[in-house]
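Colleague: sequence-free structure coming up:
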């Protein structure tokens, strides 16, 4: 520190001492209560500072984010707290959340996601069937104009709309095989084109 910094530090210490002294003199008859309240406010202050400092770690644990490195043709997907890998893709300019499902042969949209992607679900012919862990469901074949993952764009992607109940759309092998390499290392799925 330089000379001016010492002067400022002394000034701040004296100012803080004067304010603290005034506060103690004014509240000398209930000093125990004042110290208790000051301790509570001090703990709140420390908690807020700790929360701000740890926010990025907390956010990455609670809501992990995917990372797309388009120049390297690489996508990193962290494992969600429920144990699955989720990817958000832009389908026909609509952001849709998919669970990565290597056990699914195709891309399968929920009826709600199909509507978000601009597909008219009332005109779909649910003539196909899919065998799932929950039994047989009716499906309708569709073409997705474009599917975008960061700067990676695929056009005319074949998909199916599920006629049954499903919580999240599935990103199956018909899309995943577009990547040259797919590897899971601990809690990270890496897709490479």
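Modeller: That came through fine. It should be emphasised that the depicted structure is a prediction, and the values quoted were computed from it without experimental measurement.
Colleague: The closest residue in space to residue 23 that isn't next to it in sequence is in what secondary structure piece?
Modeller: Closest residue to residue 23 apart from its sequence neighbours, by Cβ to Cβ, 6 or more residues apart in numbering: residue 34 at 7.6 Å. C-beta here means a position set from N, CA and C on the backbone, and glycine is covered the same way. According to DSSP states H and E, residue 34 maps onto helix 31-62.
Colleague: Distance from that helix to the middle of the chain?
Modeller: 25 Å (Cα atoms, centre = their mean, to the nearest Å).
Colleague: Remind me what that helix packs against, helices and strands.
Modeller: Contact here means 3 or more Cβ pairs under 8 Å, 6 or more residues apart in numbering; DSSP states H and E; on that basis helix 31-62 packs against helix 3-26.
Colleague: Report the buried residues of the helix it packs on.
Modeller: Across helix 3-26, burial judged by 16 or more other Cβ atoms under 10 Å covers no residue at all.
Colleague: How about stretch 164-173?
Modeller: 166, 168, 169, 170, 171, 172.
Colleague: for these, which one is nearest residue 192?
Modeller: residue 171 (15.8 Å; Cβ to Cβ).
Colleague: got the phi/psi numbers for residue 125?
Modeller: Here is the backbone geometry of residue 125 (degrees, to the nearest 10): phi -100, psi 110.
Colleague: Against residue 174, how distant is it?
Modeller: According to Cβ to Cβ, to the nearest Å, residue 125 and residue 174 sit 20 Å apart.
Colleague: ok, these two, which is more surrounded?
Modeller: residue 174 (16 against 9; other Cβ atoms under 10 Å).
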